[in-house]
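Could you look at this predicted model? Sequence included:
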Amino acid sequence: MNQKFVTRAMERLPVPSSVVHRITAVVTNPDTSAADVAAVLKLDPALSGKVLRLANSAFIGIPRTVSSLPNAVVLLGIKRIHSLVLTAELLAPVKDIAALPFSIDRFRRHAVTVAFIAESIARHLQRYDAPDEHELFSGALLHDIGKLLAAIIDPEGVAEIYKKCRRRSIPYYRAEGEELSHTLLGEMLAERWKFPPELTACIRGHHTAACFPELHRLVSVIHIADVMAHLLGFALFPDEKIPALDDAALAEVQLPVERLRVIAEDILGKRDQISSLLEILD
Ligand SMILES: [Fe+2]
Ligand SMILES: [Fe+2]
């Protein structure tokens with residue numbers, strides 16, 4: 001690993017706002033209630049408005065009217081709200097960067113699609129030891145956050161990696177040098193922002209799930225959901241080579257390919273729900 005690059009990256013990593021600090025502290029406390037999360041959200045009226053808007057949107061699936069913030073937190077789930085707040089905060093400065101090496105809309109759509117697929121896989125597992133749906137949603141939404149950081153820190157480097165992918169017809173993660181690996185950058189950010197360990201594992205391990213034996217099922221679902229999003233055409237780059245599906249991850253999750261096909265069809269029918277979430281992150 002190139003020490004100079006790591007030092008430079010560390011210096012340029014974004015710093016979490018005080019609301020993010022507070023939400024993370026509240027969410028990582030096992031005794032947290034929806035009222036505690038709502039109390040922190042209230043400190044940021046724009047954020048509270050977005051949470052209420054999402055709770056009343058097609059994202060939830062069933063139309064309903066939610067006017068209280070604690071009820072919105074219960075409906076959306078504490079972990080999902082946490083990951084949405086983190087994602088929105090990390091996406092905000094990117095809007096001002098003129099020369100990003102990829103489309104930010106594609107980045108958002110990929111993350112959101114992986115989140116929907118991962119949650120859907122959890123529902124299909126229907127096992128007592130299935131990973132938590134909301135934990136999967138969070139891990140999936142943030143899994144590629146390192147690519148966003150790489151684009152901020154070294155946009156030319158990311159553009160070069162993409163060229164290499166196309167030239168050699170290999171997936172993006174295989175074209176990265178170790179010093180610009182998006183999983184490593186994502187992990188650095190996760191540690192700096194004090195993400196829960198499960199979330200950090202999804203970010204660091206979604207291309208190498210076997211490296212996380214204690215969280216193998218969780219990280220394997222993120223890996224499978226990521227590959228499925230590529231197969232459905234929701235990759236970061238338009239003609240990106242699809243990453244190979246890891247057999248060990250498939251064996252860990254134990255979902256027949258036929259079920260995965262049903263999940264894929266189901267996701268393609270969820271355009272309204274996906275759009276509601278994309279609007280909130282815009
Ligand atoms: Fe990735
Ligand atoms: Fe991805």
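Okay, I see it. Ligands and ions are numbered 1, 2, ... in the order given.

where does the stretch 101-250 of the chain have low pLDDT?
Residues of the stretch 101-250 of the chain meeting the criterion pLDDT under 70: 178-180.

What residues does it have near ligand 2?
Selection of the stretch 101-250 of the chain residues close to ligand 2 by C-beta under 5 Å from the ion yields 144, 226. Every C-beta, even on glycine, is put in place using the N, C-alpha and C of the backbone.

give me the number of residues near the residue in the stretch 151-282 of the chain positioned nearest to ligand 2?
Using C-beta to the ion, the closest approach of the stretch 151-282 of the chain to ligand 2 is made by residue 226 at 4.2 Å. Using other C-beta atoms under 10 Å, residue 226 is surrounded by 28 other residues.

Neighbours of residue 98, how many?
5.

Sticking with it, tell me its helix or strand.
Using DSSP states H and E, residue 98 sits in no helix or strand.

Residue 85 versus residue 217, what's the distance?
Noted for residue 217: a distance of 26 Å to residue 85, by C-beta to C-beta, to the nearest Å.

Counting neighbours around each, name which of those two comes out higher.
Counted by other C-beta under 10 Å, residue 217 and residue 85 do not tie: residue 85 has more neighbours, with 24 against 20.

my read: that one touches residue 19, true?
Yes - judged on C-beta atoms under 8 Å, residue 85 makes contact with residue 19 at a distance of 7.3 Å.

if I look at the two, which residues touch both of them?
Common neighbours of residue 85 and residue 19, using C-beta atoms under 8 Å, 6 or more residues apart in numbering, are residue 47.

quick revisit: run the chain-centre distance for whichever strand or helix holds the residue of the stretch 151-282 of the chain closest to ligand 2.
Counting by DSSP H and E, the element that carries residue 226 is helix 216-231. Put simply, helix 216-231 sits 11 Å off its chain's centre (C-alpha atoms, centre = their mean, to the nearest Å).

which other helices and strands contact the helix or strand following it?
Next helix or strand after helix 216-231 toward the C-terminus (DSSP H and E): helix 247-253. Packing partners of helix 247-253 (3 or more C-beta pairs under 8 Å, 6 or more residues apart in numbering; DSSP states H and E): helix 216-231.

and the residue in the stretch 51-200 of the chain that ligand 2 sits nearest to, how far is that from residue 48?
Nearest to ligand 2, among the residues of the stretch 51-200 of the chain, is residue 144, at 4.2 Å (C-beta to the ion). For residue 144, the distance to residue 48 (C-beta to C-beta) stands at 27 Å.

swap in residue 20?
From residue 20 across to residue 48, the span is 14 Å (C-beta to C-beta).
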